[in-house]
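here is a sequence together with a model predicted from it:
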Amino acid sequence: MNAALIRRLDSAPPDFLATLDALLAFEAAPVAVSLRSRHDILAAVRTLGDPAVIGYTARFDRLDVNHMSALELPRHVLERCPGHLARGAARRPRSGRRPGRGYHHRQMAESWVHEADGTRLGQIVTPLDRVGL
């Protein structure tokens with residue numbers, strides 16, 4: 001993948017908010033629809049393979065590619081990355097996954113409801129619609 005395809009936004013220009021709004025403009029789906037879509041996407045990828053991935057990449061990432069190789073980072077780019085993977089390092093996260101998962105599982109907030117004297121109080125925990133990095 002070409003680094004030029006990564007879009008950087010600068011907050012200084014006067015059209016920044018309009019640019020950001022255009023970038024973030026999409027219909028946020030309710031959770032049930034989102035979960036159904038996730039299952040549909042996985043089924044399409046299992047059935048159609050690479051063409052489904054390419055189609056969803058265009059749809060969700062707004063990245064127009066013709067072949068899966070366009071989504072791969074070349075070895076020379078990976079090797080320039082700080083802390084690039086040593087031989088066999090790709091297998092290491094699997095061994096460390098369980099302790100990390102247990103830690104984060106304890107951090108999970110839960111929804112709750114309390115009713116007393118005709119008053120209903122509570123908290124509903126839902127996933128974020130989107131996250132910017």
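Received, thanks.

relative to its centre, which residue of this protein is most distant?
Distance from the C-alpha centroid of the chain peaks at D117, with 42.8 Å (Cα atoms, centre = their mean).

and it, how close does it get to L73?
D117 is 60 Å from L73, where distance means Cβ to Cβ, to the nearest Å. C-betas here are computed from N, CA, C, even on glycine.

go on, E115?
Distance from E115 to L73, by Cβ to Cβ: 53 Å.

the more surrounded of the two?
Shown here are E115 and L73; by other Cβ atoms under 10 Å, L73 has more neighbours (12 against 9).

any weak-confidence spans in the protein?
Filtered on pLDDT under 70, the chain yields the residue ranges 1-6, 26-35, 82-100, 131-133.

all helices for it, in order.
For the chain, the helices defined by DSSP state H occupy 16-24, 31-48, 50-61, 75-80, 92-107.

winner for burial among those?
Of all those, helix 50-61 has the most neighbours on average by mean count of other Cβ atoms under 10 Å, namely a mean of 14.
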